[in-house]
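Q: Below are the sequence and a predicted model; questions follow.
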Amino acid sequence: MGLIKIYDTTLRDGTQGEDVSFQVKDKISIAHRLDELGIHYIEGGWPGSNPKDIAFFKEIKKETLSQAKIAAFGSTRRAKITPDKDHNIRTLVAAKPDVITIFGKTWDFHVREALRISLEENLELINDSLAFLKENVGEVIYDAEHFFDGYKANPSYAIKTLQAAEAAKADCIVLCDTNGGNMPYEITEIIKTVQKQITTPLGIHTHNDSECAVANTLHAVRQGVVHVQGTINGFGERCGNANLCSILPGIRLKLNKECISDEQLRRLREVSRYVYELANIAPEKHQAYVGNSAFAHKGGVHVSAILRNTETYEHIRPEVVGNATRVLVSDLSGKSNILAKAEEFKIDINSKDPVTQEILEKIKNMEHCGYQFEGAEASFELLMKKSLGTHRNYFSVLGFRVVDEKRTDDQRPSSEATVLVKVGGKTEHTAALGNGPVNALDNAIRKALEKFYPKLRDLKLHDYKVRVLPSGNGTASSTRVLIESGDRQARWGTVGVSDNIIDASYLALIDSIDYKLHSDDK
């Protein structure tokens, strides 16, 4: 069983996605995580296109990677210029990467309309660009841009472009679904035809414009492709690239082929979240394999079944990709959900305990009023502890006041919060400013409590979501606030509901601080 080599292009193709941008230091950090994940090739960028990518190739030489090769990306030479005189080609060589990848035109339509040269001249561009690079770097990969569309339009010419690359002794020829519109059955049949005429190892590079990038990639691997390109979390232009977070477990667990080790696969979710974090993008909770909801169970029947055997509603064990089973609590929940959550939180409770039914009824009533405990599991854990009488009261807020003031039209509003808290027998009265009333209130509460609990300085507010609940009362409607907080060890979610947005925010903030203090005492 041959090794499927994984080529990551998150740092190049992934950054072409909307809202995705990395600084040089971010790209270096991600390269290390990809190396630890077992990725074989890391495409760092296009050194001929911008200073940031030039800087990356300079800085990455100072780093030590355990096994990944660094690839530089570029295009074939320009028409009427020899490779040794072409700026793009020379810049690729000057970057001194381990591998150079260049793309060329496969689709006759692009040759005529984009390059505006003859079909024969395009074959020369491909051949002599690759031949020149082979003389100057140890490994050269050729990306056949728009290959599948080009093949459907003009099969004989599309094959000729691959033969030009093969004649130049390219180490791998990658078949690209650049527009992302081909179906799995088309990918498979076209690869079969190519394999009859090309002996060079083949790769696959797909885009997700028809939601088939992962499926197309896995079909290509089944057909014998040995080189797979993609990005972490599917980042990329338009609808994105093939998502390596789905492809890696697909190859390893579903196709039973070698790519990365089982130990490395367990780091998959960690790497996914890390890339989201550096991109400053909220993780997609419904993402297959690595998303928060990938192994989350809500219906009581489902939960009851997985408590007996997880295979009843889970296609793999989540731990193999670094994820975990989650039981959600909602108005659909039964006792099994409550028992499962209690076990998760290491709270001693059983199905015959009347408190179990009490918690269940309380949850359903609270959700009827607008509460939502999906994504706010910290609030739910606190609710259980209060019902069981095991909740420790670390502090009390005796009162607060928030003032928002705007004196002139051209002046930004200023926000100030004043709070009075009690810890043990001591009270603390303090005030703080903030960027808005909620931030001011958060600052004031923590300023008062940090004198008693210095560890609260580690607490960070990562996300704040407000939902106006439908009630027909317009601006007097109830509001649900979900807050995601965290420290150096973990993240957690809390919720508050009120017809006053400040009060709803206060309730979620208090739960967040309360949970932090309980967690530190575990």
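A: The structure has been received and is ready for your questions. Numbering: from 1, shown residues only.
Q: Do you have the strands of the stretch 1-150 of the chain handy? List them.
A: In the stretch 1-150 of the chain, the segments counted as strands under DSSP state E, counting those that start in this stretch are 5-8, 41-45, 69-75, 99-105, 139-145.
Q: Out of those strands, the one nearest Leu123 is which?
A: Closest to Leu123 of those, according to Cβ to Cβ: strand 99-105, at 9.1 Å. (C-beta placed from N, C-alpha, C; glycine too.)
Q: helices and strands around the closest one, which ones?
A: strand 69-75, helix 87-94, helix 119-134, strand 139-145, helix 155-167 (3 or more Cβ pairs under 8 Å, 6 or more residues apart in numbering; DSSP states H and E).
Q: Just the local confidence number for the closest residue in space to Gln489 that isn't next to it in sequence, please.
A: Nearest residue to Gln489, sequence neighbours excluded (Cβ to Cβ, 6 or more residues apart in numbering): Ser519, at 7.8 Å. pLDDT, Ser519: 87.
Q: Ser519 is in what secondary structure piece?
A: Assigned by DSSP states H and E, Ser519 belongs to helix 501-520.
Q: For the residue nearest to Gln489, list the residues it contacts.
A: 487, 489-490, 492 (Cβ atoms under 8 Å, 6 or more residues apart in numbering).
Q: follow-up on the earlier one: please identify the deepest-packed of the helices and strands packed on strand 99-105.
A: With neighbours defined as mean count of other Cβ atoms under 10 Å, these peak in mean count at strand 139-145, which reaches a mean of 25.
Q: neighbouring strands for that one, and are they parallel or not?
A: strand 99-105 (parallel), strand 172-177 (parallel) (DSSP bridges).
Q: Of the ones you listed, which is nearest Asp84?
A: strand 99-105 (14.5 Å).
Q: Can you give me the buried ones in that closest one?
A: Neighbour-count burial for strand 99-105, with 16 or more other Cβ atoms under 10 Å as criterion, is recorded at 99-105.
Q: next one: stretch 190-198
A: By neighbour count on 16+ other Cβ under 10 Å, the buried set for stretch 190-198 is 190-191, 194, 198.
Q: Please identify which of the residues you listed is nearest to Ile54.
A: For the buried residues of stretch 190-198, the nearest to Ile54 is Ile198 (33.6 Å; Cβ to Cβ).
Q: measure the nearest residue to that closest one once chain neighbours are set aside to Arg326 for me?
A: Nearest non-adjacent residue to Ile198, counting by Cβ to Cβ, 6+ apart: Leu162, 5.2 Å away. Counting by Cβ to Cβ, to the nearest Å, the separation of Leu162 from Arg326 is 46 Å.
Q: out of the strands of the stretch 1-150 of the chain, nearest to Gln23?
A: Here strand 41-45 is closest among the strands of the stretch 1-150 of the chain (Cβ to Cβ), at 12.3 Å.
Q: on that earlier part again, of all the strands paired with strand 139-145, which one is nearest Glu428?
A: Among the strands paired with strand 139-145, the nearest to Glu428 by Cβ to Cβ is strand 99-105 (60.5 Å).
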